[in-house]
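Trainee: Pasting a predicted model and its sequence here:
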Amino acid sequence: MTWGNGVMIVIGLIFIVLAITKDYEPLLLVPIGFGILLGNIPPIANMPLGVYDEGSVLRYLYAGVTTGIYPPLIFLGIGAMTDFSTLLSNPRLILLGAAAQIGVFLTFAGAIVLGFSVQQAGAIGIIGGADGPTAIFLASMIAPELLGPIAIAAYSYMALVPVIQPPVMYLLTTKKERRIHMKPPRQVSRRENIIFPIVAFLICALLVPGSMTLLGMLFFGNLLKESTVTERLANSARNALIDIVTILLGFTVGASTQAQTFLNPHSVFIFVLGALSFIIATAGGVLFAKFMNLFLRDKINPLVGAAGVSAVPDSARVVQAVGQKEDPSNFLLMHAMAPNVSGVIGSAIAAGVLWSVLGNF
């Protein structure tokens, strides 16, 4: 047992405590936290126990992370529980999900300045998308050596959405802007909901082939839901399947954080850059909403732009909470879900662009 193992065990305990007492993403932090405990039990000679030991059971389970198998399965479940009707009722809000991706590319540039390779910088930058599965998928493709720190950073900041985003939102908006009421979304037909995942997948896959795996599973899962004729499959995808994969992914990612491989200067830089990326992404969505209002007759509440990061539905809930604190009669949740789900699409497209450009760099 080294001091580093002790530090990581304390971090694992903190994750568990935050999940249970503060309700910070418990479905993620409890498996990750307990995995950290397991991963930092000192190794025993000639016994393959850890995720890095040839022939160990955990190594086989961790293969779902290193080969990029788990993230698409999670996207399948997310698609089966996502309602795109809010986005279809007000398509202009998709621009806020796109604007939030500025955090990805500015952090990418910052990571290069700090001495990371272009592949590593791309994998670090995607943390700003606030999408753990996407971050894991891209890291496994172009920077597998940083998979552990990137995964922990991405999921940590997803859990801290209610802590990180409100100060940025208050800083960049006025009281008057936070009180803006938006028109109720229009009713979207069943036909529109069925056509959307098919058309959106074809457009995204043809423009950015690197996003095909994640978005293919996302839109396939959504089609299972919206078609209403495959309810058994949709129900399995959004319940049993995503729960099982989340358990395996969180637990094995936690178990990969052995102090001997995890505690190094690179990990510290990744956490700092990840926080910066998340803040920039939030600011990008808010500021772009304010920019759009310069040209719109029906104004957008700039708080809604903060939901452009793809932490679904936590970012949308934060927007609702901040908006109602200013005006209890203002209901922003349904409006915020539009940039929130478009942020999921945007982060997958950003990952596809980075993979396409940097994969063979």
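Mentor: Sure, I can see it. Computed from a predicted structure; not experimentally measured.

Trainee: Using CSV, list the CA coordinates for stretch 62-78.
Mentor: As requested, the backbone C-alpha atoms of stretch 62-78 are provided in CSV (Å, rounded to 0.1, in the frame of the first residue of the first chain):
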residue,chain,number,x,y,z
TYR,A,62,-12.7,-3.4,-18.9
ALA,A,63,-12.3,-4.4,-22.6
GLY,A,64,-15.8,-2.9,-23.1
VAL,A,65,-14.2,0.5,-22.2
THR,A,66,-10.9,0.2,-24.1
THR,A,67,-12.6,-1.1,-27.3
GLY,A,68,-15.4,1.5,-27.2
ILE,A,69,-18.2,-1.1,-26.8
TYR,A,70,-20.0,0.4,-23.8
PRO,A,71,-20.5,4.0,-25.0
PRO,A,72,-22.6,3.1,-28.1
LEU,A,73,-24.8,0.8,-25.9
ILE,A,74,-25.4,3.7,-23.5
PHE,A,75,-26.3,6.0,-26.5
LEU,A,76,-28.8,3.3,-27.5
GLY,A,77,-30.5,3.6,-24.1
ILE,A,78,-30.3,7.4,-24.2
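
Trainee: Show me what that stretch is in contact with.
Mentor: 51, 133-134, 136-137, 140-141, 144, 147, 151, 213-218, 220-221, 237-239, 241-242, 245-246, 248-249, 252-253, 255-256, 312, 344, 348 (C-beta atoms under 8 Å, 6 or more residues apart in numbering). (C-beta placed from N, C-alpha, C; glycine too.)

Trainee: now swap in stretch 9-27 and tell me
Mentor: 28-30, 32-37, 40, 155-156, 158-160, 162, 246, 250, 254, 314.

Trainee: likewise stretch 330-342?
Mentor: 82-84, 86-87, 89-90, 93-94, 96-98, 100, 179-182, 184-185, 285, 301, 303-313, 315-317, 319-320, 323-324.

Trainee: Averaged pLDDT, the longest helix along the chain. What do you get?
Mentor: Secondary structure of the chain read by DSSP state H shows that its longest helix is helix 265-293. Averaged over helix 265-293, pLDDT sits at 91.

Trainee: Am I right that Met158 is in contact with Val312?
Mentor: No - with contact defined as C-beta atoms under 8 Å, Met158 does not count as touching Val312 (9.7 Å).

Trainee: Among the two, which residue is more densely surrounded?
Mentor: Counting neighbours by other C-beta atoms under 10 Å for Met158 and for Val312 shows that Met158 has the greater number, 25 against 20.

Trainee: list the contacts for the more buried one?
Mentor: 25, 28, 130-132, 311, 314.

Trainee: Show me what the helix or strand of the chain with the lowest mean pLDDT is packed against.
Mentor: Of all helical and strand segments in the chain, the minimum by mean pLDDT, DSSP states H and E falls on helix 259-262, at a mean of 84. With contacts taken as 3 or more C-beta pairs under 8 Å, 6 or more residues apart in numbering; DSSP states H and E, helix 259-262 sits against helix 3-21, helix 147-159.

Trainee: Other residues contacting that helix?
Mentor: Counting by C-beta under 8 Å, 6+ apart, 2, 4-5, 7-8, 40, 52, 148-149, 152, 256 sit against helix 259-262.

Trainee: how about 7 Å then?
Mentor: For helix 259-262, contacts defined as C-beta atoms under 7 Å, 6 or more residues apart in numbering pick out 2, 4-5, 7-8, 40, 148-149.

Trainee: Please list only the buried members of those.
Mentor: Neighbour counting with 16 or more other C-beta atoms under 10 Å marks 4-5, 8, 40, 148-149 as buried within those.

Trainee: Output these in JSON lines; the columns should cover pLDDT and distance to Ser329.
Mentor: Shown next, in JSON lines, are those (pLDDT from 0 to 100; distance: C-beta to C-beta, whole Å):
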{"residue": "Gly4", "pLDDT": "90", "distance to Ser329": "52"}
{"residue": "Asn5", "pLDDT": "92", "distance to Ser329": "53"}
{"residue": "Met8", "pLDDT": "93", "distance to Ser329": "47"}
{"residue": "Asn40", "pLDDT": "94", "distance to Ser329": "50"}
{"residue": "Gly148", "pLDDT": "88", "distance to Ser329": "46"}
{"residue": "Pro149", "pLDDT": "90", "distance to Ser329": "44"}
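
Trainee: Find me the pLDDT at the residue nearest the centre of the chain, would you?
Mentor: In the chain, the residue lying closest to the centroid (C-alpha atoms, centre = their mean) is Asp131, at 1.0 Å. pLDDT, Asp131: 81.

Trainee: so who does it touch?
Mentor: 310, 344, 347.

Trainee: and with 6 Å instead?
Mentor: By C-beta atoms under 6 Å, 6 or more residues apart in numbering, the contact list for Asp131 reads 310, 347.

Trainee: How about Leu87, nearest residue that isn't a chain neighbour?
Mentor: Ala338 (4.4 Å; C-beta to C-beta, 6 or more residues apart in numbering).
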